[in-house]
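**Q** Predicted model and sequence follow; I will ask about them next.
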Amino acid sequence: MVALCGGAGIGPAAAQTPMIEVTDLAGRTVKVKAGAQRIILGEGRLMYGLGILDTEKPFQRIAGWSEDMILYDPGSYRAFKAKFPEAEKLPRFGSAFSGDFSVEKALSLAPDVVLMPLSGIYKARETGLIDKFEKAGVPVVFIDLREEPLVNTVPSILLAGQIYGREKQAQEFVNFYLRESRKVMVRVAQKKDKDRVPVFFERAAGYQADQCCMTFGNANLGAVLQAAGGLNWGTAKFAGLGGEVNQEVIFADNLPVIIGTGADWAESTPGSRAVPFGYETNPVAVQEALKGLANRKGWPTLKAVQTKRFYGVYHQFYTSPSHVVALQVFAKWLYPEEFKDLDPQATWAEYHQRFSPIPLTGQFWAQLQ
């Protein structure tokens, strides 16, 4: 929801700036400057979505950001930096999730608005972050590209489009997103559980070499897998985003399909054995890492490994509107005949051509060869 309204800000110039009233993804009604020009990102990876709104100059409105993309998705950061060197000069903040986000540093940049991920709202309330900003006259707006991606991506992009004053660009992406997601969801909507392919979905597979296994529940990419026609093992086990399980349980159930997420975490987590999906990887490195995961102790005996229905996918799809591509990838893996007309790679190429500030390079999903 959005409405134009009068409003006073800090100083005479702010008082003359038109305000809009929006409802964020936390259900909060907030007044924001129309066409905000100085935006603080409480999570750097919100750029995956916000870049859609301004592919030519994605950083021109960004006054500062959290450094999570730099730490946990360095390949994407370097791709942004190569095309937009100004990204390297942006002021950086701590994490909204750990509570070390510096409100004082952010306020020194005179922001018009702070955009935060909905998943950080509890920590933001606990630390008083919202109150501190609002007492200084800076609105905080929550969007969600992670918790409930299939439900909240469309309203989040439309909301961001309102704040940017780029509603047309937001609507163009929403049209694309709905068109591409319906190619899958309409076909599988009526599938009963007995007709769905059971899947164990390993979250951040190999992130720490000696750790196994985290999995997705009925949210985030777990919900995307369900929407693609999968029967996500973790949905029945975990009510929320997911949890950790003992690998003996996985061995006992021996599901026909295993999917793991991966990214290049070698810089932030030395010794990581994850598949380094992203803009800087190559097929040789991907297969080497996939084989390493498939050869963990006990895993070669699993049905999914023996039949080569062992897959990997880019972890950062979990916090990006581009999860619509993962939706298509999952559907094609699970039902290759039913979706033989679907081309996720073409969808991914169109996504980059129309909506991504950075070019498509690297690799983002793979099957064990």
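**A** Sure, I can see it. The structure displayed is predicted, hence computed values, not measured ones.
**Q** buried set for stretch 201-209?
**A** Phe201, Glu202, Arg203, Ala204, Ala205, Gly206, Tyr207 (16 or more other Cβ atoms under 10 Å). In this view, the C-beta of every residue, glycine as well, is placed from N, C-alpha and C.
**Q** which one of these is nearest Ala346?
**A** Of all the buried residues of stretch 201-209, Ala346 sits closest to Phe201, with 24.6 Å by Cβ to Cβ.
**Q** Which residues does the closest one form beta bridges with?
**A** Taking DSSP bridges as the rule, Phe201 bridges to Ile259.
**Q** From Leu71, how far off is it?
**A** Counting by Cβ to Cβ, to the nearest Å, the gap from Phe201 to Leu71 is 24 Å.
**Q** returning to what we had before: let's see which of the buried residues of stretch 201-209 end up in strands.
**A** Phe201, Glu202, Arg203 (DSSP state E).
**Q** List the contacts of the last one.
**A** Yep, that's Arg203 we're talking about. Cys213, Met214, Thr215, Phe216, Leu221, Gly242, Gly260, Thr261, His315 (Cβ atoms under 8 Å, 6 or more residues apart in numbering).
**Q** ok, now the first one?
**A** When contacts are counted by Cβ under 8 Å, 6+ apart, Phe201 touches 215-216, 221-222, 225, 230, 232-234, 258-261.
**Q** what sits up against stretch 117-136?
**A** 10, 25-26, 42-43, 46, 96-99, 101, 103, 106-107, 114, 116, 139-140, 142-147, 152, 319.
**Q** now with 7 Å?
**A** With contacts defined as Cβ atoms under 7 Å, 6 or more residues apart in numbering, stretch 117-136 is touched by 25-26, 42-43, 46, 96-97, 99, 101, 103, 107, 114, 116, 140, 142-144, 146-147.
**Q** Output it as CSV, restricted to C-alpha atoms.
**A** Written as CSV, here are the backbone C-alpha positions of stretch 117-136 (Å, rounded to 0.1, in the frame of the first residue of the first chain):
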residue,chain,number,x,y,z
PRO,A,117,15.5,-7.8,5.9
LEU,A,118,12.4,-9.0,7.6
SER,A,119,14.5,-11.9,9.0
GLY,A,120,16.4,-9.3,11.1
ILE,A,121,13.4,-7.7,12.7
TYR,A,122,13.6,-9.5,16.1
LYS,A,123,17.3,-8.5,16.6
ALA,A,124,16.5,-5.0,15.4
ARG,A,125,13.8,-4.7,18.0
GLU,A,126,15.9,-6.3,20.7
THR,A,127,18.8,-3.9,20.2
GLY,A,128,16.5,-0.9,19.8
LEU,A,129,17.8,-0.3,16.3
ILE,A,130,14.4,0.7,14.9
ASP,A,131,13.7,3.2,17.8
LYS,A,132,17.1,4.8,17.4
PHE,A,133,16.6,5.5,13.7
GLU,A,134,13.0,6.6,14.1
LYS,A,135,13.9,9.0,17.0
ALA,A,136,16.4,10.5,14.6
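**Q** Any idea how far that stretch is from the middle of the chain?
**A** The chain centroid and the centroid of stretch 117-136 are separated by 21 Å under Cα atoms, centre = their mean, to the nearest Å.
**Q** Counting neighbours, show which residues of that stretch come out buried.
**A** Buried residues in stretch 117-136 (16+ other Cβ under 10 Å): Pro117, Leu118, Ser119, Gly120, Ile121, Lys123, Ala124, Thr127, Leu129, Ile130, Lys132, Phe133.
**Q** hmm, back to that, keep only those of the contacts of stretch 117-136 that are in strands.
**A** Under the assignment DSSP E, the contacts of stretch 117-136 contribute Val114, Met116, Val140, Phe142, Ile143 to strands.
**Q** Phe200: neighbouring residues, count only.
**A** For Phe200, the number of neighbouring residues by other Cβ atoms under 10 Å comes to 23.
**Q** what ranges do the helices span in the stretch 251-369 of the chain?
**A** Along the stretch 251-369 of the chain, counting by DSSP state H, counting those that start in this stretch, helices occupy 283-294, 303-306, 323-334, 344-355.
**Q** can you redo the ones you listed as CSV with mean neighbour count and distance to Asp193?
**A** Conversion of the helices of the stretch 251-369 of the chain to CSV gives the following (neighbours: other Cβ atoms under 10 Å; distance: least, Cβ to Cβ, whole Å):
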stretch, mean neighbour count, distance to Asp193
helix 283-294, 17, 27
helix 303-306, 16, 19
helix 323-334, 26, 14
helix 344-355, 16, 25
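**Q** With mean pLDDT and distance to Arg273 as extra columns, can I get those helices in a markdown table?
**A** Below are the helices of the stretch 251-369 of the chain laid out as a markdown table (pLDDT from 0 to 100; distance: least, Cβ to Cβ, whole Å):
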| stretch | mean pLDDT | distance to Arg273 |
| --- | --- | --- |
| helix 283-294 | 98 | 5 |
| helix 303-306 | 98 | 15 |
| helix 323-334 | 99 | 21 |
| helix 344-355 | 99 | 25 |
